[in-house]
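In: sequence and predicted structure, then a few things I'm wondering about:
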Amino acid sequence: LRDAEHRRASRIPSQFSQEESVTMKESLKGAIQIPTVSFNPGEFNTTALAEFGEYMHRVFPTVFRTSFIRHEVVGEYSHLFTVQGSDPSLQPYMLLAHIDVVPAPDQDWEVPPFSGLERDGFIYGRGTLDNKNSVMAILQALELLLIRNYIPRRSFFIALGHDEEVSGAHGAQKISALLQARGVQLAFIVDEGSFIMDGFIPSLKKPFAMVSVSEKGSLDLMMEVNSTPGHSSAPPKETSIGILAAAVSRLEQTPMPNMFGSGLLKITLQQLATEFSFPVNVIFNNLWLFWPIVSRLMERDNISNALVRTTTAVTMFNAGIKVNVIPPVARATVNFRIHPAQTVQEVIKLAKDIVVDDRVQYHVLEAVEPLPVSPFDDRALGYQLIRQTIESVFPEINIVVPGICIAQTDSRHYTNLTTGIYRFNPVYLTPQDFSGIHGINERISVQAYEMQVKFLFEFIQNADTEQRPVSHLHEL
Ligand SMILES: CCCCCCCCCCCCCCCCCC(=O)N[C@@H](Cc1ccccc1)C(=O)O
Ligand SMILES: [Zn+2]
Ligand SMILES: [Zn+2]
């Protein structure tokens, strides 16, 4: 008990000076200005990635000169920090983020995407939400803690991948293998993939925090139709293009089954019920009765539809060689995002059963099973630490719920190291902000970024506990 009291007394308050606040936002702007773009697997802006490594040294000097922090470059441009805690009996955890960004053509942006310009309290640029905000906030929080002479009790790792946007094979996958070879097992991981949701449910005015405890899988299925080439003046009844177009159209017109009944979403909505007024609260509290209506309603919007089923997106279509030649081959690639209650094999079978055309051949280009659901009960240390930190840093947030990440994250490469994978960015996200991720005018407010640093500053200290925090926000 004396130890606990001592720790409480020696806790470092998350208050930053005016000068520190200015420095942290300027550091983020500098990070945005380095165009660390991933174009295709194995095709990166290596000059920018190298420059980013040097930039981190420059803006976080204390992190790099602290004796109990080991820094390693993995896969040429990814970074692994090992922060040695004072108590080896506590199992380490890991914070994840990625340095690379998707391309951003200048066109349609209000400010150039790699300018890091500040306008009306927002920093604009590619990576401000996905995911240089996390890269910089993690290191910034650590830098500020170290300046205040902080020594962690619990060891932790910081893994910054350089190719998340094109698979993570050179970054996260290599870091994961390295840690496995060292015999590391982690208590939990915190990565990107969810936010404080603001305005995603029309009848819910209050924002809520969603911590994603699972993530959808994916399947890139290439469909191919071959036909005999010839003169277009005497065409066959159907060409390879026509056959394939009809096949992909059938896929688009026939959504995969609604999996609402067998998913985590029911728990998400049940836990959210108290936030709604009558009659929605009654409906969400009695999903055993109302789930058919709710699941239908969720299909209406693209984002909630993505939560209830495996989605089908025809993303590539290539065919034809000349205006007057019957095309010998047509190819289309369909990107499925697999609901956690289904498997890759089930989705392939469903797709074939929808297309029902023997002339179509199928090639699996890439397939990833959905990730298992990480524990989110009262004994789940990672989940409870995130919840506790939200409670203290964002006291206006009434509720924290478990959810599913509709995209994929680098965390999928670390399932060998832990069963506790949590995806959460401590940043408010509106549907408009969401459209900036991989879209145009991606931005973060200066205040939101400072709150993210504050969250991590608190979280790192909270993780020094040997017990799981008591949950207050939600009682089942
Ligand atoms: C009950 C109502 C809840 C309201 C839900 C609102 C959902 C909002 C979702 C916000 C999620 C934002 C996720 C951002 C992370 C994006 C990560 C990403 O882009 N990953 C890539 C990875 C990848 C995969 C395959 C090839 C290359 C890259 C992705 O495409 O998934
Ligand atoms: Zn990302
Ligand atoms: Zn992304």
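Out: That came in fine, so what should we check first? Ligands and ions are numbered 1, 2, ... in the order given.

In: only C-alpha atoms for contact and neighbour calcs from this point on.
Out: Fine.

In: which parts of stretch 173-192 are buried?
Out: Going by neighbour count (16 or more other CA atoms under 10 Å), the buried part of stretch 173-192 is 173-176, 179, 184, 186-192.

In: show me which of those residues is closest to ligand 1.
Out: Glu192 (6.0 Å; CA to the nearest ligand atom).

In: surely that closest one meets Gln408?
Out: No: the pair formed by Glu192 and Gln408 falls short of the contact definition of CA atoms under 8 Å, at 9.5 Å.

In: how many neighbours does the residue nearest to Ser21 when sequence neighbours are not counted have?
Out: Closest residue in space to Ser21, ignoring its immediate chain neighbours: Glu450 at 7.1 Å, by CA to CA, 6 or more residues apart in numbering. Here the number of neighbours of Glu450 (other CA atoms under 10 Å) works out to 21.

In: so which bits of the helix or strand harbouring Glu450 are buried?
Out: Using DSSP states H and E, the element containing Glu450 is helix 446-462. Of all the residues in helix 446-462, those buried under the rule 16+ other CA under 10 Å are 446, 448-462.

In: and it, how far out from the chain middle?
Out: 18 Å (CA atoms, centre = their mean, to the nearest Å).

In: just stretch 159-167 next, same as before
Out: On the basis of CA atoms, centre = their mean, stretch 159-167 sits 11 Å off its chain's mean C-alpha point.

In: contacts for that stretch, please.
Out: 38-42, 44, 49, 77-81, 94-102, 135, 168-172, 175, 409-410 (CA atoms under 8 Å, 6 or more residues apart in numbering).

In: return the helix or strand in the protein with minimum mean pLDDT.
Out: helix 2-9 (a mean of 65; mean pLDDT, DSSP states H and E).

In: next secondary structure element downstream of that one?
Out: Per DSSP H and E, the first helix or strand lying C-terminal to helix 2-9 is helix 18-32.

In: let's see that following helix as PDB, backbone CA atoms only.
Out: What follows is helix 18-32, C-alpha atoms only, in PDB (Å, rounded to 0.1, in the frame of the first residue of the first chain):
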ATOM      1  CA  GLN A  18       2.900  27.300 -23.400                       C
ATOM      2  CA  GLU A  19       6.300  26.800 -24.900                       C
ATOM      3  CA  GLU A  20       5.800  23.000 -24.800                       C
ATOM      4  CA  SER A  21       2.400  23.300 -26.500                       C
ATOM      5  CA  VAL A  22       3.800  25.400 -29.300                       C
ATOM      6  CA  THR A  23       6.800  23.000 -29.700                       C
ATOM      7  CA  MET A  24       4.500  19.900 -29.900                       C
ATOM      8  CA  LYS A  25       2.300  21.300 -32.600                       C
ATOM      9  CA  GLU A  26       5.300  22.600 -34.600                       C
ATOM     10  CA  SER A  27       6.900  19.100 -34.400                       C
ATOM     11  CA  LEU A  28       3.700  17.500 -35.800                       C
ATOM     12  CA  LYS A  29       3.700  20.100 -38.700                       C
ATOM     13  CA  GLY A  30       7.300  19.200 -39.500                       C
ATOM     14  CA  ALA A  31       6.400  15.500 -39.600                       C
ATOM     15  CA  ILE A  32       3.600  16.100 -42.000                       C
END
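
In: ok, and for that helix, which residues are buried?
Out: Buried residues in helix 18-32, counted by 16+ other CA under 10 Å: 21, 24-32.

In: as CSV, these with pLDDT and distance to Glu54 would be great.
Out: CSV is the format used below for the buried residues of helix 18-32 (pLDDT from 0 to 100; distance: CA to CA, whole Å):
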residue, pLDDT, distance to Glu54
Ser21, 98, 22
Met24, 98, 17
Lys25, 98, 18
Glu26, 98, 16
Ser27, 98, 13
Leu28, 98, 14
Lys29, 98, 15
Gly30, 98, 12
Ala31, 99, 11
Ile32, 98, 14
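
In: coming back round to it: buried ones among the contacts of stretch 159-167?
Out: Listed as buried from the contacts of stretch 159-167 are 38-39, 44, 49, 77-81, 94-102, 135, 168-172, 175, 409-410; burial here means 16+ other CA under 10 Å.
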